[in-house]
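K.L.:
sharing a model prediction with you, sequence too.
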Amino acid sequence: MKSTKCYLAMLLCVSMLASLASCGSKETPEDTAVSADTAVETAVESETTEEESRLAIPDDLPEKTFGGDDFIIMGCYPWSQNLIVPDEQNGESVNDALYNRNQQIGERFEVKIQYSTGGLAHHDDAAANVEKMIMAGDGDAFDLLMFHVVANSGNAVKGLYLNWYDIPHINFEKPWWSASTTEDLTINNRCFLAIGDVSLDALAQTYAILYDKTALETYSEENLYNVVTEGRWTLDYLGGLSERVYKDVNGNGEADKEDYYGYASDQLSNLGAYFWATGNKIFTKNASGELEFTYYSENLVNAFNSCQKLFGGIGVDITYSPDQHLNAFMNSQVLSVAGCLKNLRNELSEYENEIGVVPMPKLTDAQESYYTMADGSHEAMAIGKSAADPEYIGIITEALCAESFKTVIPAFYDECLKSRYASSPEDAEMIELCVDSCVFDWGYAYDNWKGIAFLFGANVNKSGKDITAIYEAKKESAQKYYMEQVMPIFTE
């Protein structure tokens, strides 16, 4: 998301200067120590300036009030409420930033920000419930839809959502909107699923590789941050590292759950992320801005075969059910795991050792950049065509995104960078790299489990599979779905 980079860069600068001030020996001349202190003071002043500059960006919204109306955000997971509308302050920086944001917007526009699941806790049920309400013309049941992007796309394909470009006061040029909203999710000036800074989960669910820094040192392995910055962090490197650190703990000569592994993952979305990490996309915009179906290529075949080699190699365990690989990491049974940034704040927050964060590995060192994706359960925003007052929705949604950019996103990063798993300037750099490498693929966002987005992850962990044959069997139906069901909402 484009709003993160300048803030992280500022924090990185502060951390570096603070390190200079704190690492002087007893023999350091007094004037040098003073100079370092001055540098830290200057950095703090720069931090204040950066924060002030964010706060100073105008949202250009009219000063209107709405008489205490509820602004209802419809989601599908009860736990999502804590990332959108927390019940109260609790001293936790992100929670309180969210609470204060909603209070500030509520007072400014005389509204009450509310969250509802409609009594449903599964994305499929939520999508069906939303469809029913929209078809019934119920314009007061909710204002803004925010839930599972892949499930949400099913209703978009049915023509149930308004075009974001037709919503008054929505300005995608502002820094609180993801660049991907316009670059990847817009066709012919039409966009039905948008990603802005109020969608904190889209940031928190960015995939990365998390590892135990302390354990890595005991194996005399090189600093992975250096490996990443030198462009050598690849599938082969991860495989070699995993094999080197593997231990047959129980000495039975077999790889089992009592052994120590180099890398662990679950068998679902974590594996699918490797499709994008290795430089593939389902659809790519050409120079004319038109979408081209680019799923199959020589690069895809190489990526699939390389992943098969990695996942079938010594020291790698991908037999876990969701989140169980994180438990193995917590129990010091594995050096590194596939995870998301949110795991650092949640499941792994009490881990005793310092955790390192690196991006998803490249296919080879010849790959130009690192890439990743956000898990499909992250929220995408939409507005139902039964909306009673699109201008009202536009004003409050823009305000939510703007205030999130100004206060919530900084709180999220500040919390990350002050914790045990991000204690150095290099940690900030790696987290920034992960976020900046996130890909939002039109073919994934609008897949609705009918396209081809999940083909790679569903087969890469099964031996003897041929991705070319798998693709050929799926190609015709996938292309037909995208071209005949999805594309018409952007062209008709």
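P.N.:
Looks like it arrived, so ask away.
K.L.:
beta partners for the closest residue to Gln324 other than its chain neighbours?
P.N.:
Nearest non-adjacent residue to Gln324, counting by Cβ to Cβ, 6 or more residues apart in numbering: Asp266, 6.8 Å away. For the C-beta atoms, the positions are set from N, CA and C on the backbone; glycine is no exception. Under the criterion DSSP bridges, Asp266 forms beta bridges with Tyr320.
K.L.:
give me the neighbour count for Asp266.
P.N.:
Counted by other Cβ atoms under 10 Å, the residues lying close to Asp266 total 19.
K.L.:
give the contact list for it.
P.N.:
318, 320-325, 338 (Cβ atoms under 8 Å, 6 or more residues apart in numbering).
K.L.:
of those residues, buried ones?
P.N.:
318, 320, 325, 338 (16 or more other Cβ atoms under 10 Å).
K.L.:
helix or strand for the third one, which one?
P.N.:
It refers to His325. helix 324-330 (DSSP states H and E).
K.L.:
sheet partners, orientation included, of the helix or strand following that helix?
P.N.:
Following helix 324-330 in sequence order, the next helix or strand is strand 334-340 (DSSP H and E). In the sheet, strand 334-340 lines up against strand 207-212 (antiparallel), strand 261-266 (parallel) (DSSP bridges).
K.L.:
list the helices and strands whichever helix or strand comes after strand 334-340 packs on?
P.N.:
Later in the chain than strand 334-340, the nearest helix or strand by DSSP H and E is helix 341-345. Packed against helix 341-345, as judged by 3 or more Cβ pairs under 8 Å, 6 or more residues apart in numbering; DSSP states H and E, are the following elements: helix 200-204, strand 207-212, strand 355-358, helix 409-417, helix 425-436.
K.L.:
of all those, which lies closest to Thr397?
P.N.:
Shortest distance between Thr397 and these, using Cβ to Cβ, is found for helix 200-204: 14.2 Å.
K.L.:
what lies in contact with the closest one?
P.N.:
Against helix 200-204 from outside (Cβ under 8 Å, 6+ apart): 1, 4, 80, 83-84, 94, 98, 178, 195, 197, 340-342, 345, 374, 377-380, 404, 408-409, 412, 435.
K.L.:
quick one: neighbours of the closest residue to Cys191 other than its chain neighbours, just the number.
P.N.:
Distances taken as Cβ to Cβ, 6+ apart place Trp164 nearest to Cys191, at 4.5 Å, with adjacent residues excluded. Look at Trp164: counted by other Cβ under 10 Å, it has 25 neighbours.
K.L.:
so where's this protein shaky on pLDDT?
P.N.:
Applying pLDDT under 70 to the chain flags residues 1-50, 119, 416-423.
K.L.:
now do the strands in it.
P.N.:
Remark: strands assigned in the chain by DSSP state E are 69-74, 111-116, 144-148, 207-212, 261-266, 283-285, 291-293, 316-320, 334-340, 355-358, 379-382.
K.L.:
using CSV, lay out those strands together with distance to Arg54.
P.N.:
Shown next, in CSV, are the strands of the chain (distance: least, Cβ to Cβ, whole Å):
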stretch, distance to Arg54
strand 69-74, 23
strand 111-116, 21
strand 144-148, 23
strand 207-212, 25
strand 261-266, 36
strand 283-285, 30
strand 291-293, 34
strand 316-320, 40
strand 334-340, 25
strand 355-358, 24
strand 379-382, 21
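K.L.:
of those, which is nearest Asn302?
P.N.:
Nearest to Asn302 among the strands of the chain is strand 283-285; the distance by Cβ to Cβ comes to 17.6 Å.
K.L.:
need the contact partners of that closest one.
P.N.:
Applying Cβ under 8 Å, 6+ apart, the contact partners of strand 283-285 are 183-184, 291-294, 441-443, 482.
K.L.:
nearest to Ala273 among these?
P.N.:
Using Cβ to Cβ, the contacts of strand 283-285 come closest to Ala273 at Asp441, 11.3 Å.
K.L.:
quick one: contacts for the closest one?
P.N.:
Asp441 makes contacts with 184, 276, 281-283, 373, 453, as judged by Cβ under 8 Å, 6+ apart.
K.L.:
which of these fall within helices?
P.N.:
Those of the contacts of Asp441 mapping onto helices are Trp276, per DSSP state H.
K.L.:
export the contacts of Asp441 to JSON lines and tack on distance to Glu350 and neighbour count?
P.N.:
Converted to JSON lines, the contacts of Asp441 look like this (distance: Cβ to Cβ, whole Å; neighbours: other Cβ atoms under 10 Å):
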{"residue": "Asp184", "distance to Glu350": "36", "neighbour count": "23"}
{"residue": "Trp276", "distance to Glu350": "31", "neighbour count": "24"}
{"residue": "Lys281", "distance to Glu350": "37", "neighbour count": "20"}
{"residue": "Ile282", "distance to Glu350": "38", "neighbour count": "25"}
{"residue": "Phe283", "distance to Glu350": "41", "neighbour count": "21"}
{"residue": "Met373", "distance to Glu350": "27", "neighbour count": "24"}
{"residue": "Ala453", "distance to Glu350": "34", "neighbour count": "25"}
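K.L.:
and the contacts of Asp441 as a markdown table, adding distance to Gln333?
P.N.:
Below are the contacts of Asp441 laid out as a markdown table (distance: Cβ to Cβ, whole Å):
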| residue | distance to Gln333 |
| --- | --- |
| Asp184 | 38 |
| Trp276 | 28 |
| Lys281 | 35 |
| Ile282 | 35 |
| Phe283 | 39 |
| Met373 | 26 |
| Ala453 | 31 |
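K.L.:
give me every residue that touches the spatially most central residue of the chain.
P.N.:
Geometric centre of the chain, nearest residue: Thr206, 2.6 Å, by Cα atoms, centre = their mean. If you count contacts by Cβ under 8 Å, 6+ apart, Thr206 has them with 340-341, 372-374, 434-435, 438.
K.L.:
top of the residues you listed by neighbour count?
P.N.:
With neighbours taken as other Cβ under 10 Å, the top of the contacts of Thr206 is Ala374, carrying 29 neighbours.
K.L.:
surely it meets Gln205?
P.N.:
Yes: the pair Ala374 / Gln205 is scored as a contact, 4.8 Å apart, by Cβ atoms under 8 Å.
K.L.:
who touches both of these two?
P.N.:
Joint contacts of Ala374 and Gln205 (Cβ under 8 Å, 6+ apart) are Cys340.
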